[in-house]
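Trainee: Sequence and predicted model, in that order:
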Amino acid sequence: MAQYEAEVDGVFVALADPTRRRVIRRLGRGPTSVGELAAEFPITLPSFMKHVRTLESNGLIRTVKTGRVRTCVLNRERLELVDDWLAEQRRIWEDRTDRLERFVTTEQAAEEAVEEL
């Protein structure tokens, strides 16, 4: 469980930055070289590479070097971690709202019964 939580935390930290989210969005259309990808952002290459390393270290992308060209590829399976976490949170909150609804309904019914007496 601790490993899962650490992985989820890492993915959300990586996705917290708008530049990294744009990189993920761009790579969703297909692999591209680091140079081509970096050209889309108004930052220096060393700064951009920090974003690439963060995404890579959290498993959201992988890079493959062929000759002098490093290509970034989206790891779509890693995004399932986010989807799983969100589904779990959705279940938790739906259960809570269902319990609240049952409580309110029961209380209203009890109040109506008392008023009838």
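Mentor: Perfect, I can see it now. Predicted model, so just to flag it, every value in this text is computed and none were measured.

Trainee: Now for the residue minimising distance to the centre of the chain, which secondary structure element holds it?
Mentor: Computing the C-alpha centroid of the chain and ranking residues by Cα atoms, centre = their mean puts residue 82 first, at 4.2 Å. Using DSSP states H and E, residue 82 falls within helix 76-116.

Trainee: From the contact counts, what lies against that helix?
Mentor: Applying 3 or more Cβ pairs under 8 Å, 6 or more residues apart in numbering; DSSP states H and E, one finds that helix 76-116 contacts helix 2-15. No exception for glycine: its C-beta is placed from N, CA and C like everyone else's.

Trainee: next one: the helix or strand bottoming out on mean pLDDT in the chain to chain centre, how far?
Mentor: Lowest mean confidence among the helices and strands of the chain (mean pLDDT, DSSP states H and E): helix 76-116, at a mean of 85. Centroid separation for helix 76-116 versus its chain: 23 Å, with Cα atoms, centre = their mean, to the nearest Å.

Trainee: Check the gap between residue 82 and residue 89 for me.
Mentor: Residue 82 sits 11 Å away from residue 89, taking Cβ to Cβ, to the nearest Å as the criterion.

Trainee: my guess is residue 55 contacts residue 19, does it?
Mentor: No. Between residue 55 and residue 19 there is no contact under Cβ atoms under 8 Å: 9.8 Å.

Trainee: Of those two, which one has the most company?
Mentor: residue 55 (27 against 17; other Cβ atoms under 10 Å).

Trainee: Can you name the residues that contact the more buried one?
Mentor: Residues in contact with residue 55 (Cβ atoms under 8 Å, 6 or more residues apart in numbering) are 14, 20, 23-24, 61.

Trainee: for residue 73, helix, strand, or coil?
Mentor: Following DSSP: H, G, I helix; E, B strand; the rest coil, residue 73 is assigned to strand.

Trainee: ok, it touching residue 61?
Mentor: Yes. Between residue 73 and residue 61 there is a contact under Cβ under 8 Å: 6.3 Å.

Trainee: Good, wrapping up.
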